[in-house]
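A.B. asks: coords please:
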Amino acid sequence: MGYFYLGLSTALITMWALCYKLAIKYRCELTSVNTWVYVGATLITIVYFFATDYKWSTAAALFGFATGLSCYLSTLAFFYHIRTGVLAVSWTVIGLAVGFPVAASIFIWGENPTTRQMIGLALIPLAFILCNPGSEKKGAQ
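C.D. replies: I've put the predicted structure just below:
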């Protein structure tokens, strides 16, 4: 069943990216596209919830809402930064987002990180230094 969800996730993420590529091609307002993508995801989640035998959990619903809202806002921030900042910094920050769950697993849940995870966490500050987030976008003036 895990391979099914992996394949479904890959297909849906690809469709998500294609929606944004089409929106850019046809010069659509990305804020509106972003809103409708997340409204659609919410509706699909609600339909899935009622179509299955899962019991209602207020905590899970609130956590899901908070997660969806944070994804929505982070996507808006990403699009804004792409227009006004350096693209390399935007992609670096997205790539480094995996560091936060690893750090949380260490500090909140007391898990023992692997050597690879420790090296990755140690390299995060170096990645920000190398991508030079303080420089302005060339040609933006």
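
A.B. asks: per-residue confidence averaged over the helix or strand that contains Q117?
C.D. replies: Assigned by DSSP states H and E, Q117 belongs to helix 115-131. Per-region confidence: helix 115-131 scores 80 on mean pLDDT.

A.B. asks: quick one: list the elements packing against it.
C.D. replies: helix 87-96, helix 99-107 (3 or more Cβ pairs under 8 Å, 6 or more residues apart in numbering; DSSP states H and E). All C-beta spots, glycine's among them, are computed from the backbone N, C-alpha and C.

A.B. asks: quick one, it and helix 99-107 angle?
C.D. replies: Put simply, helix 115-131 runs at 140 degrees to helix 99-107, going by axes from the mean of the first three to the mean of the last three Cα atoms, to 10 degrees.

A.B. asks: tell me where the model's unsure across the chain.
C.D. replies: By pLDDT under 70, the low-scoring segments of the chain are 85-96, 131-141.

A.B. asks: show me it divided up by domain.
C.D. replies: 1-64, 85-135 (automatic domain parsing).

A.B. asks: buried residues of the top helix by length along the chain, list them for me.
C.D. replies: The longest helix of the chain (DSSP state H) is helix 58-84. Across helix 58-84, burial judged by 16 or more other Cβ atoms under 10 Å covers 72, 75, 78-79.

A.B. asks: mind giving me the packing neighbours of that helix?
C.D. replies: Packed next to helix 58-84, using 3+ Cβ pairs under 8 Å, 6+ apart, are helix 30-51, helix 87-96.

A.B. asks: which of the buried residues of helix 58-84 lies closest to I106?
C.D. replies: Lowest distance from I106 to the buried residues of helix 58-84 (Cβ to Cβ) belongs to F78, with 26.2 Å.

A.B. asks: quick check: that closest one vs Y26, distance?
C.D. replies: 20 Å (Cβ to Cβ, to the nearest Å).

A.B. asks: ok, M1 next?
C.D. replies: 37 Å.

A.B. asks: looking at these two, which has the bigger crowd around it?
C.D. replies: Comparing M1 with Y26 by other Cβ atoms under 10 Å, the one with more neighbours is Y26, at 8 against 5.
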